[in-house]
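Novice: Dropping the sequence and predicted coords here.
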Amino acid sequence: MAGTPGTLPQDLAREAAVTAALAALDLDAKARLLSGQDMWSLPALPEIGLRSLVMSDGPIGVRGVRWSADDPSVALPSPTALAATWDPALARRAGVLLAQEARRKGVHVLLAPTVNLHRSPLGGRHFEAYSEDPRLTGLIGAGYVAGVQSGGVGTTVKHFVANDAETDRFTVDNRVGARALRELYLAPFELIVENARPWGIMTAYNAVNGTTMTEHRHLVNEVLRGEWGFDGCNVSDWMAARSTRGAVEGGLDIAMPGPDTVYGAPLARAVRAGEVEESAVDDAVRNVLRLAARVGLLDGAEPAVPEPPAAVDGAALAREIARRSFVLARNERAALPLRPGTVALLGAAARDARVLGGGSATVFPARVVSPLDGLTAALPEGALRYAVGADPATELAVADQGFTLRASCRNAAGEVIGTASAPNGQIQWMGADLPEGVTHDTLHTVELTGTFTPRDSGPHRFGVKGTGAFTLAVDGTVRFDGVQRPADDFDPFEAFFGAPVERAEVELTAGAPVEVSLTHVVELPEGIPMKVVAFALAHQEPERDPDELIAEAVEAARAADTAVVVVATTDRVESEGFDRADLALPGRQDDLVRAVAAANPNTVVVVNSGSPVELPWRDEVAAVLLSWFPGQEGGAALADVLTGAHEPGGRLPTTWGPLSAAPVTRVTPENGELAYTEGVFIGYRAWERQGRTPSYPFGHGLGYTDWTYESVDVDGTTARVRVRNTGDRQGREVVQVYLAPAAPDGDRPHRWLAGFAAVEAAPGDHAEAVVTLPRRAFEIWDTTESRWSFVKGSYEIQVGRSITDRRITATINV
Ligand code: BGC
């Protein structure tokens with residue numbers, strides 16, 4: 001079923017070009033167009049003047065068709081950070097930059113944004129989604145989509161729908177009631193379709209209520225296209241399409257990746273066998289051609305954006321978003337901004353910053369500013385002292401610091417047929433993306449060789465990530481020569497997301513380079529419909545005695561005016577492909593914070609994680625700053641905020657609290673099903689219903705000035721809120737408007753976010769925030785009638801700084 005394309009003259013002209021192109025294609029060409037030709041692109045059809053359409057991940061940058069550090073990309077802060085800005089206009093600017101990056105890399109469609117909800121804090125891809133609140137998610141997502149598309153690049157809003165956890169993601173059947181589906185999980189998609197008209201959507205791996213999403217006729221054809229009027233293209237998540245007929249009938253337009261998918265030749269055969277109507281194929285082809293025309297790939301059709309917008313400075317924008325996203329959760333005795341004096345900077349992540357989350361969202365930035373780099377540049381010489389304190393990396397990780405590696409490709413005769421740089425010891429060559437001169441037919445072995453210069457003396461661990469035969473040599477000695485097999489839990493992306501296996505421990509000396517090599521006999525993985533060469537050399541620094549490390553940090557903290565501890569998660573904690581086991585900080589980081597706080601009352605903790613972690617010491621430290629995965633300029637932004645050059649502008653897009661108190665946690669299916677038994681009560685809706693107090697509530701974030709809420713006037717659907725900056729510096733306030741039924745009923749949450757607006761004011765000045773209350777905020781999904789129902793009655797409009805810090809109210813009757 002086709003949606004309704006726009007009615008502007010240029011839309012009509014483009015549609016006419018699409019119709020003409022469609023009419024000129026035979027069945028085989030049409031079927032071919034609906035199937036990826038490789039990992040990231042669709043085939044060109046020169047007979048109709050159609051060029052190949054290229055897609056690429058992902059939310060915080062544009063990786064391009066090469067999965068390697070050779071082809072760097074601007075890395076923006078994590079989606080949780082973008083949501084913490086509560087600023088759809090800033091999300092739009094992020095989108096404009098990403099369109100620019102996409103154009104630079106020859107990418108036409110960005111595989112983003114992720115607008116699944118933070119249902120359980122254990123969700124492994126939590127960092128990649130925006131919020132627990134559907135409205136905040138939808139507004140940030142709409143800004144992002146509008147921005148990307150204003151640059152002439154398409155988006156695929158993903159993963160439609162209810163892909164809120166990773167465990168058994170290919171097979172899980174999420175059982176979601178109609179109200180929760182409409183009021184929570186579908187709501188961001190609906191808001192984005194209505195406000196930003198996305199050119200694409202990505203259907204998820206999982207099933208919803210018994211039907212896998214790539215075949216979900218009801219949700220795709222009836223709801224998304226029918227009710228909402230979506231006229232874009234529906235792309236499967238990678239390898240999510242499983243049945244030719246089911247996918248066509250379920251409204252799937254493109255099966256990715258290729259070349260072997262349920263579309264292409266199997267689709268043409270199904271039509272000829274009378275199993276699939278050719279008109280259904282035509283509907284899908286029309287959607288693909290419309291997308292191609294919009295992004296300028298179809299001759300004779302005017303692209304949606306003929307001229308790209310003015311260039312954006314990516315590094316500057318990454319830095320601005322980062323500082324605007326940092327949430328100052330606690331600031332006792334105005335510990336921040338830092339007062340002049342000495343600083344002890346502590347924590348492994350202060351030196352080796354974790355700037356982005358793992359999985360398909362990974363990009364390779366040209367540079368990373370760590371907190372150590374940022375503060376070194378910002379503080380006077382001699383003011384900063386650094387100590388590791390505690391290392392969150394308790395496992396091997398992809399080789400990085402100190403390695404200089406190259407890859408040589410050999411044929412079966414052992415001759416070198418091509419080379420490539422592989423600076424971080426990781427090979428991920430997909431489809432035709434192979435070094436020059438190399439083909440899958442000729443490639444036999446890949447050899448990573450180079451040197452490693454240790455930063456510290458001691459026993460260094462080496463290992464291998466990937467499956468197949470490997471030979472690992474360090475310092476002239478073969479340390480492993482054998483075959484590695486995937487874990488029982490089969491995920492076809494094991495080579496990307498699986499854990500590295502330790503293979504050797506070698507005593508090395510700081511500063512003394514040694515030779516390292518890892519040879520792999522290429523074995524194409526099963527279960528992936530395309531040729532992929534993926535493996536990595538893994539490494540772990542010598543583990544020093546943790547007590548000694550903490551003692552060193554304590555000594556540094558004692559000698560300094562302020563101690564800044566950076567604590568972090570690792571990519572074995574937060575990544576795509578698996579969920580989290582707990583919310584604790586890995587390693588001895590909690591002990592480090594406690595020991596430092598005991599030694600220096602002026603201890604500031606910077607939390608470098610994409611999603612909630614437990615902070616059991618939070619009341620023992622002076623300040624807590626949540627910095628998310630802050631993107632490539634994170635350390636510079638951190639210095640901006642710690643020194644007070646800028647205010648930390650973020651507000652929590654999600655409730656933070658310990659796992660033991662979190663109301664909704666389950667991510668593991670039982671008998672293949674995951675029941676969303678909590679209904680519409682997730683996030684703050686659930687915390688409030690259970691009467692539990694989180695560590696930091698939804699919407700919370702202090703900034704550097706104070707605000708008084710003076711008045712709220714509601715006229716029809718408009719709330720005008722007057723606030724005054726009562727602090728002593730210029731600031732920005734996110735005015736949050738919650739709607740609470742005056743007579744609570746058990747069916748609805750105590751209150752929910754109806755809208756928000758940000759204002760700025762100088763000290764002593766006042767400002768007015770204008771917030772529109774959408775009709776949908778007053779509606780619930782009527783499960784008997786299957787329609788939205790406006791709930792009349794008396795409501796309190798509650799306005800404040802977070803869901804719990806409500807300052808003023810007004811009552812309305814509707
Ligand atoms: C992820 C998608 C991503 C795709 C392509 C999948 O495994 O779920 O979000 O866009 O891979 O990398």
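Specialist: Structure's in. What do you need?

Novice: and the stretch 301-450 of the chain, which residues reach the ligand?
Specialist: Near the ligand, the residues belonging to the stretch 301-450 of the chain are residue 360 when assessed by CB under 6 Å from any ligand atom. Placement of C-beta: from N, CA and C, glycine included.

Novice: For the ligand, what's its nearest residue on the stretch 301-450 of the chain.
Specialist: As assessed by CB to the nearest ligand atom, the ligand sits closest to residue 360 within the stretch 301-450 of the chain, at 3.5 Å.

Novice: how about residue 399, phi and psi?
Specialist: Backbone torsions of residue 399, given as degrees, to the nearest 10, read phi -50, psi 140.

Novice: State whether it and residue 424 are indeed in contact, as I suppose.
Specialist: Yes: if you go by CB atoms under 8 Å, residue 399 and residue 424 touch, sitting 6.3 Å apart.

Novice: Please, which helix or strand holds the closest residue to the ligand within the stretch 601-750 of the chain?
Specialist: Nearest residue of the stretch 601-750 of the chain to the ligand, counting by CB to the nearest ligand atom: residue 610, 15.0 Å away. Assigned by DSSP states H and E, residue 610 falls within no helix or strand.

Novice: so it sits right up against residue 358, yeah?
Specialist: No: distance between residue 610 and residue 358: 9.4 Å, which falls outside the contact criterion (CB under 8 Å).

Novice: Need the overlap of contacts for those two.
Specialist: Counting by CB atoms under 8 Å, 6 or more residues apart in numbering, the common neighbours of residue 610 and residue 358 are residue 574.

Novice: hey, what's in contact with both of residue 399 and residue 424?
Specialist: What both residue 399 and residue 424 touch, as defined by CB under 8 Å, 6+ apart, is the set residue 405.

Novice: and those two? which has more neighbours close in?
Specialist: A count of neighbours by other CB atoms under 10 Å puts residue 399 above the other of residue 399 and residue 424, at 27 against 18.

Novice: Enumerate the residues of this structure near the ligand.
Specialist: Checking the chain against the ligand by CB under 6 Å from any ligand atom, the hits are 57, 58, 111, 158, 237, 238, 360.

Novice: shouldn't the first one be in contact with residue 63?
Specialist: Spelled out, that is residue 57. Yes: using CB under 8 Å, residue 57 is in contact with residue 63, at 5.5 Å.

Novice: Common neighbours of the two, please.
Specialist: Contacts common to residue 57 and residue 63, judged by CB under 8 Å, 6+ apart, are 362, 363.

Novice: Stretch 204-217 spans what distance, first to last residue?
Specialist: One end of stretch 204-217 to the other measures 13 Å (CA to CA, to the nearest Å).

Novice: can you give me the offset of it from its chain's centre?
Specialist: 22 Å (CA atoms, centre = their mean, to the nearest Å).

Novice: neighbours of residue 477, just the number please.
Specialist: A count of nearby residues for residue 477, using other CB under 10 Å, gives 11.

Novice: Can you give me the domain assignment for the chain?
Specialist: 9-65+73-294, 326-391+545-648, 398-540, 705-813 (automatic domain parsing).

Novice: Tabulate those domains (a markdown table), appending mean pLDDT.
Specialist: Supplementary listing: the domains of the chain in a markdown table, determined by pLDDT from 0 to 100:
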| stretch | mean pLDDT |
| --- | --- |
| domain 9-65+73-294 | 97 |
| domain 326-391+545-648 | 96 |
| domain 398-540 | 87 |
| domain 705-813 | 97 |
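
Novice: Just put those in CSV and tack on distance to residue 685.
Specialist: Formatted as CSV, those follow (distance: least, CB to CB, whole Å):
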stretch, distance to residue 685
domain 9-65+73-294, 8
domain 326-391+545-648, 16
domain 398-540, 31
domain 705-813, 4
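
Novice: So for residue 301, which of these sits nearest?
Specialist: For residue 301, the closest of those is domain 9-65+73-294, at 3.7 Å, according to CB to CB.

Novice: Quick check: buried residues in the host helix or strand of residue 32?
Specialist: Residue 32 is part of helix 27-33 when elements are defined by DSSP H and E. Within helix 27-33, the residues that qualify as buried are 29, 30, 31, 32, 33, counting by 16 or more other CB atoms under 10 Å.

Novice: Show me what it is packed up against.
Specialist: Here helix 27-33 touches helix 265-272, helix 278-294, going by 3 or more CB pairs under 8 Å, 6 or more residues apart in numbering; DSSP states H and E.

Novice: got the contact list for that helix?
Specialist: With contact meaning CB under 8 Å, 6+ apart, helix 27-33 is reached by 22, 25, 42-43, 45, 47, 50, 263-265, 267-268, 271-272, 278, 281-282, 285, 288-289.

Novice: Can you name the residues that contact the residue nearest to the residue of the stretch 301-450 of the chain closest to the ligand when sequence neighbours are not counted?
Specialist: Nearest residue to residue 360, sequence neighbours excluded (CB to CB, 6 or more residues apart in numbering): residue 57, at 4.6 Å. Residue 57 makes contacts with 63, 110, 111, 112, 360, 361, 362, 363, as judged by CB under 8 Å, 6+ apart.
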